[in-house]
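Participant: sequence plus predicted model, see below.
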Amino acid sequence: MRVAIVINTSWNIWNFRRSLVKALQAAGHEVLAIAPPDAYSARLETELGCRYVPIVMENKGTNPVKDALLTRRFYQIYRRERPDVVLQYTIKPNIYGTLAARIAGIPSINNVSGLGTVFIIKNLVSRVALGLYRFAFQFPYRVFFQNDDDRQLFLQNGLVKPGITDLLPGSGIDTERFQPAAQFVRNEPFTFLMIARVLYEKGVEEYFEAARLVRAAVPGTRVQLLGGIDESGNIGVKQAVLAEWLRAGNVEYLGTSDNVAEHIRRADCVVLPSYREGTPKTLLEAAAMGKPIVTTDVPGCRETVVNGLNGLLCKVRNAADLAEKMQQILHLAPTQLAAMGKASRQLAEQKFDERIVLEKYLRLVSEVGAKAKPAAAAV
């Protein structure tokens, strides 16, 4: 079968769907990667063996004219490339790609990988988005959610029928690739790491304030931030603002990296004070590598922590509580810290292994193919 993976960036396919691409190829399927061009587009072809198909897509904002044109672009690509099934991720492929797939007569399998500002900020744009979800989600073959809070929110708002929904443990984690260090070592000074795009909704502002409080209590503590700057819309922290925050000297900004695992390996604890997530891949990577986690008690994030066992949950949008939880981790004895890390690894193996995700996708793709064959034979 020809399977199309459709996302809002090529980077996203490379970083989060690489194992799915390989699993589909190993099962004998041809994989198309449909996404806007970026620095990772060529690697999808040269290193993953996909056929890359570019599409112009603005990731932010809702403009009826532009979105109608996007639906048309999806339709033109789907009609030209003739995939047997499309696997769609992120809001615009989930909505406009689904409408295009319906018109083109192609089954779609959608993945709601996080609700973002649509459900965090209540305004006209969010109401429009809810209406679009309600209309588009009449048509998918299946809609995956990455946590049950998100699924229940869609069901309560009448956005999707229960019978086509299912749950996945995020995008899963390759527990063979992401492994704990052979021997536990506590850093001196203690090192916290946050991995996220520099967006307000990721809790970046609270992280900087918590860093100030932690370092005032325990001078010399290292607090690091790894992730790209995104100034689009009102959700991204402007470079000038970030530069001002950094001048205080409490957070080390690491920029971006293709080797996130190495940064996790060098940290003692991974922190994500996000306002809401699907299931954050970075926390799954941290868990698989045996790191304690501090994250917010919100949908998506809370799934990665058993409070007090492999990390601590903090209040959302509350820098003081975040700082308190970070200090609790910092003051743990090495044996307690190691025990938390071990519990993180066990949680990753038992609940978040990517094989759970891959098996569900492979089974569904085969199911779609089996249903399509009798219909084709009848033509």
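Facilitator: Yep, that arrived.

Participant: for stretch 237-250, buried residues please.
Facilitator: The neighbour-count check on stretch 237-250 (16 or more other CB atoms under 10 Å) flags 237, 242, 245, 250 as buried. Quick note: C-beta positions are derived from backbone N, CA and C, even for glycine.

Participant: please apply the same query to stretch 290-306.
Facilitator: If you call a residue buried by 16+ other CB under 10 Å, then stretch 290-306 has these buried ones: 290-296, 298-306.

Participant: what about those residues, which are in strands?
Facilitator: Those of these mapping onto strands are 293-296, per DSSP state E.

Participant: what sits against residue 324?
Facilitator: Shown in contact with residue 324 (CB atoms under 8 Å, 6 or more residues apart in numbering): residue 314.

Participant: columns pLDDT and distance to residue 137 on top of the ones in strands among the buried residues of stretch 290-306, output as JSON lines?
Facilitator: Shown next, in JSON lines, are those (pLDDT from 0 to 100; distance: CB to CB, whole Å):
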{"residue": "293", "pLDDT": "98", "distance to residue 137": "32"}
{"residue": "294", "pLDDT": "98", "distance to residue 137": "34"}
{"residue": "295", "pLDDT": "98", "distance to residue 137": "28"}
{"residue": "296", "pLDDT": "98", "distance to residue 137": "27"}
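
Participant: and which of those residues is nearest residue 214?
Facilitator: residue 294 (10.8 Å; CB to CB).

Participant: which ones are touching that closest one?
Facilitator: By CB under 8 Å, 6+ apart, the residues touching residue 294 are 192, 269-273, 311-314, 322, 325-326, 329.

Participant: re earlier: so which of the buried residues of stretch 290-306 comes closest to residue 152?
Facilitator: For these, the closest approach to residue 152 (CB to CB) belongs to residue 299, at 9.3 Å.

Participant: so the closest one sits against residue 279, correct?
Facilitator: No. Taking CB atoms under 8 Å as the definition, residue 299 is not a contact partner of residue 279, at 9.3 Å.

Participant: between these two, which contacts overlap?
Facilitator: With CB under 8 Å, 6+ apart, residue 299 and residue 279 have common neighbours residue 147.

Participant: what about residue 23, helix or strand, and which?
Facilitator: helix 18-26 (DSSP states H and E).

Participant: fine by me, thanks again.
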